[in-house]
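Novice: Please work out how this folds:
(one chain, ligands or ions: 1)
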Amino acid sequence: MMIPGNAVLSPSFVFQKKKNRINKNELYKSARQALFVGLSKMDLTDKTVWLPAYNCNSVLYPIKKLGLNYRFYEITEDFLPNFETIENNENDLILIVHYFGIVGDIEALKRKCSEKKLSIVEDCAHFLPSEDSEAGKMGIFSIFSLRKQLPVPDGGILQFNNRQLEEIKKTATAASFKKLILMIIESVCFKFQFNFIRLKDRLRGKVKTTEEFFAQRDFKKMNDASGLTKFIFRKQGIKKIKQQRISNFNLLSELLLSNTKTKLPVKRISSESMPMALPIFSANGLMMKDFLRKKGIGVDSWPGDAISDEISLDSFPITKKISDTILLLPIHQSLQEKHLKKIARAIKKYEHVG
Ligand SMILES: Cc1ncc(COP(=O)(O)O)c(C=O)c1O
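Specialist: Residues are numbered from 1 along each chain as shown. Alright, predicted model coming up:
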């Protein structure tokens, strides 16, 4: 069995028509670069940037590089900011993450931020720009990371809500050759149902990781998204992808609820959402992850090792609890009902033997 964690590229995409327009001023190599540029356009002297403790450390790089003051806040078990843990001054900035592309009550979030006089920046790294969703439109600017939902090697987007971005000088980026080869192998293995995930796990630590490719800790120059990303991105029908992901999410959720004992933090999602994955909680997260990956299912934990070592998890018990138990199940647009049924069956088997 082989159910990849991310959408795969089918060769027919080459013949598809263009579906998306790219605003070249908005495009970067990664979301973290987009965040760097967005923040650099603001005057944040004497202000604090409030970051969720539950996050990967990649968002810290731009904030540190810009020398900004920052503090962490706790989240709730349903992935929303716990505003009681934010002791802010007027006009401090809050980074709100739409975790796993699941969009909560935007109006309630806006109300809370306005009561606390917090300016909003949205981290939509797990989401894609979408006309029919309020996510990405509630703050000063939002950032997106294309490789989380699309079969592209890189790419980040920066969108300001009330201003056009002037052109900024960017260096051309070549797509990572390793990532490209991996994308091709994953697509072939998916077609022929060869468990490549097991092999990939054995190679872990021996080849450069995606994180190393994206690290860019120095941010000396800004990079454009690669030509390959632009080529693929133009041909992606975001609306259809969103519908497919929502329908896969809801179907897998139903299968799990009726056939297994799985704990789901979010059982059904709104039409505003564009799910990156289906989160579940498992007391022995790592054991279950290992079991499912050996079976060829691209399950992941988040943020895993990428949680910042500046965060003392004793002070953020919910972040700790979620980080220790969360697993992300694939529900992307390359999957059909038969794949989701296989995932549910594998989880049932794990419960039986585990
Ligand atoms: C929530 C979140 N924000 C920002 C980023 C940064 O995205 P990128 O890897 O495109 O820089 C990531 C992923 O690394 C992420 O998960």
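Novice: In three-state terms, label residue 340 for me.
Specialist: helix (DSSP: H, G, I helix; E, B strand; the rest coil).
Novice: Give me the nearest residue to it, chain neighbours excluded.
Specialist: Nearest residue to residue 340, sequence neighbours excluded (C-beta to C-beta, 6 or more residues apart in numbering): residue 252, at 4.6 Å. For the C-beta atoms, the positions are set from N, CA and C on the backbone; glycine is no exception.
Novice: just checking, that neighbour is part of a strand?
Specialist: No. Per three-state DSSP, residue 252 lies outside any strand segment and is helix.
Novice: show me what contacts it?
Specialist: Applying C-beta atoms under 8 Å, 6 or more residues apart in numbering, we find residue 252 in contact with 278, 329, 331, 340, 343, 344.
Novice: Show me the two of these that sit farthest apart.
Specialist: The largest separation in these, counting by C-beta to C-beta, is between 331 and 344 at 11.6 Å.
Novice: Looking at these two, which one has more neighbours?
Specialist: Neighbour totals were compared for residue 331 and residue 344, and residue 331 leads with 25 against 21 (other C-beta atoms under 10 Å).
Novice: Would you confirm that the more buried one contacts residue 245?
Specialist: Yes. With contacts counted by C-beta atoms under 8 Å, residue 331 reaches residue 245, the gap being 5.9 Å.
Novice: Between the two, which contacts overlap?
Specialist: residue 275.
Novice: Show me which residues of the stretch 1-150 of the chain sit near the ligand.
Specialist: Listed as neighbours of the ligand in the stretch 1-150 of the chain under the rule C-beta under 6 Å from any ligand atom: 30, 31, 32, 55, 56, 58, 59, 97, 123, 125, 126, 145.
Novice: which of those tops the neighbour count?
Specialist: Within these, neighbour counts (other C-beta under 10 Å) peak at residue 125, which reaches 29 neighbours.
Novice: Tell me which residues touch that residue, please.
Specialist: 31, 97, 143, 144, 145, 148, 156.
Novice: what about the spatially closest residue to the second one that is not a sequence neighbour, distance to residue 262?
Specialist: What it means is residue 97. Excluding the flanking residues, the one nearest residue 97 by C-beta to C-beta, 6+ apart is residue 123, at 4.3 Å. Separation of residue 123 from residue 262 (C-beta to C-beta, to the nearest Å): 27 Å.
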